[in-house]
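K.L.:
below: sequence and its predicted model.
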Amino acid sequence: MSTALLILTWNEVDAVRVIFPKIKKEWVDEILVVDGGSTDGTIEETKKNGFRIIKQEIKGHGGAIISGIKNTISDNIIIFGPDGNHEPEEIPRLIQKIEEGYDQVVVSRFTKQSVIREPNYGFVKFGNKFFTFFANILFKGNLSDTMTDSRIITRNAFNELDFDALFSDSTLTMSIRGMKKKQRMTEIIGDQGRRIGGERKMKPFKTGIVLIKRILKEL
């Protein structure tokens, strides 16, 4: 089966200089960078690495995912953030795991073997675990990280989700609707790497409100 790698960027030039050279083109059949309007040189750095890049058509993190999936044709889609929080070496591991017949495979940052390298991550970790706990209880799942950006999903499974989460609830929605559709879902061990340059886009309080609304909607 073919695989497309979606890389979501927005003013991450320092990180892409480090991360992009580590991504091997032979790992996947397509690489598409979806950019949310960078002005710091991210677009130019992407082109230097020979990656195809498009301007994000729909606002928000989930909007970037939709834009990327619409502009690729592969059977499987990997969603990857190049800010340093995830390692490129996760990409071939995701592909290997989904070939076992899963619909979604996520990279969990919260297994017993995972390492958190991001400083001042305690509050964010608590929030992730809080929403993951309730997602598992309410929708009968068993993931340890429902909100991770780094994951692979088959195109058929994504189409089944009727995906409409445009903002910071995007990956939580993919997890919850996968549970509701009884998709075959599993996870592989990952770490929370240290961000490379740039600024964290996630605003904890605002994000928390969006996630609560999403869980209530899915109920």
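P.N.:
That came through fine.

K.L.:
give me the pLDDT value at the residue of the chain most remote from its centre.
P.N.:
In the chain, counting by C-alpha atoms, centre = their mean, Lys48 sits farthest out from the average C-alpha position, at 23.6 Å. We have a pLDDT of 96 for Lys48.

K.L.:
look up how far Val13 lies from it.
P.N.:
11 Å (C-beta to C-beta, to the nearest Å). Heads up, the C-betas are built off the backbone N, CA and C, glycines and all.

K.L.:
ok so, going back, show me what contacts the residue farthest from the centre of the chain?
P.N.:
Neighbouring residues of Lys48 by C-beta atoms under 8 Å, 6 or more residues apart in numbering: there are none.

K.L.:
do the one 10 residues further on as well
P.N.:
Contacts of Ile58 were listed using C-beta under 8 Å, 6+ apart, and they are Ala64, Ile66, Ser67, Leu166.

K.L.:
ok, these vs Arg93, which is closest?
P.N.:
Relative to Arg93, the closest of the contacts of Ile58 is Ala64; by C-beta to C-beta it sits at 22.9 Å.

K.L.:
element containing that closest one, please.
P.N.:
Assigned by DSSP states H and E, Ala64 belongs to helix 61-70.

K.L.:
can you list the neighbours in contact with that helix?
P.N.:
Defining contact as C-beta under 8 Å, 6+ apart, one finds that helix 61-70 is touched by 4, 6, 8, 32, 34, 36, 54, 56-58, 77, 79, 155, 158, 163-171, 173.

K.L.:
again, 7 Å this time
P.N.:
Helix 61-70 has contacts (C-beta atoms under 7 Å, 6 or more residues apart in numbering) with 6, 8, 32, 34, 36, 54, 56-58, 77, 79, 158, 163, 165-168, 170.

K.L.:
helix or strand right after it?
P.N.:
Using DSSP H and E, the helix or strand that follows helix 61-70 towards the C-terminus is strand 76-80.

K.L.:
any weak-confidence spans in this structure?
P.N.:
198-204 (pLDDT under 70).

K.L.:
next, the buried residues of whichever helix in it runs longest.
P.N.:
For the chain, the longest helix by residue count, based on DSSP state H, is helix 122-139. Buried residues in helix 122-139, counted by 16 or more other C-beta atoms under 10 Å: Val124, Gly127, Asn128, Phe131, Thr132, Ala135, Asn136, Phe139.

K.L.:
show me where the chain has helices.
P.N.:
Secondary structure of the chain by DSSP H: the helices cover 13-19, 42-48, 61-70, 90-98, 122-139, 155-160, 170-180, 204-218.
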